[in-house]
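**Q** Task: produce atomic coordinates for the following.
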Amino acid sequence: MSEPLPFPNKVLIASATRGVGAQVARRLRQLGVPSRALVRDPARAADLGDVEIVPGDAMRAEDCRTAAEGCDAVICTMGERKVPRDRPPVDGDGVINLADAALAAGARRFVLVSTLGAGESWNWLPFFVKWYFQALRLRPILAEKTRSDDHVRSLDLDWTILWPGGLTNRPMRAAPLLTVDGRAGGMTSRQAVADVAVRCLASANAIGRTIIVVDPLMRFMFSRGGAFDLDAGWQPWTENQAR
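**A** From the prediction side, this is the model:
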């Protein structure tokens, strides 16, 4: 590991009103890192606190360009919980639009929260996990995530892609288990994923890597490769922590 990098001057969060994105906004606020949120419904952003709000839809490339202007990093947590009936999943073109906008705006640091099941990870997932994705008809979303993951990798960005396991709302009690060359599955708290996404901003060794993120209790499912430590070390969250 090397010394942690300084945090960016302003971070754009895509999908900050719920789930992992809301936890990212909380963590950046704790650290005193200025942030901006691209949100479709500004009324849902009332609880984000000291976060600049930019209304817009990631499926519109011009909205992404407006949101990215003036930022030097992006954390993208966009994702569908089920396949929409009236529009394509945001996991594909929405992410691609945002990555292209980041490149155009000079926001070189791009952290994408994707999922286990995307790309090559599908091949080694346990049968019951594959059955779950099939039963809930989520394979089209995995296909879109695979497409946008590949697009992000193709761009001249300092990218990191996170592949978390099944998401829960449990609080993070210990450092998440990370691997870049091993296999790990199971559950992952949303807070842990947000923690890793934010620490990646200050970790040069995360650039150009796809990182699997699971809770430490899932260590029994770890195989091959080794555990990975970010340059920016883990520490418990506190509400009054300053930058």
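**Q** The longest helix along the chain - contacts with which helices or strands?
**A** For the chain, the longest helix by residue count, based on DSSP state H, is helix 139-154. If contacts are counted by 3 or more C-beta pairs under 8 Å, 6 or more residues apart in numbering; DSSP states H and E, helix 139-154 sits against helix 93-105, strand 109-113, strand 158-164. All C-beta atoms are positioned from the backbone trio N, CA, C, and that covers glycine.
**Q** which secondary structure elements does the first one contact?
**A** In this structure, helix 93-105 packs against strand 11-14, helix 61-68, strand 73-76, strand 109-113, helix 139-154, with contacts taken as 3+ C-beta pairs under 8 Å, 6+ apart.
**Q** Go again with 7 Å.
**A** The contact analysis (3 or more C-beta pairs under 7 Å, 6 or more residues apart in numbering; DSSP states H and E) places helix 93-105 against helix 61-68, strand 73-76, strand 109-113, helix 139-154.
**Q** Any idea which of these gets closest to residue 14?
**A** For the helices and strands packed on helix 93-105, the distance to residue 14 is smallest for strand 73-76, at 4.5 Å, taking C-beta to C-beta.
**Q** angle of the helix or strand bottoming out on mean pLDDT in the chain against helix 139-154?
**A** Among the helices and strands of the chain, helix 127-135 carries the lowest confidence by mean pLDDT, DSSP states H and E, at a mean of 90. Angle of helix 127-135 versus helix 139-154, following axes from the mean of the first three to the mean of the last three C-alpha atoms, to 10 degrees, is 100 degrees.
**Q** From the chain's centroid, how far away is helix 127-135?
**A** Relative to its parent chain, helix 127-135 has a centroid offset of 23 Å by C-alpha atoms, centre = their mean, to the nearest Å.
**Q** Quick check: end-to-end length of stretch 50-57?
**A** For stretch 50-57, the first-to-last residue distance is 21 Å (C-alpha to C-alpha, to the nearest Å).
**Q** Done for today, thanks.
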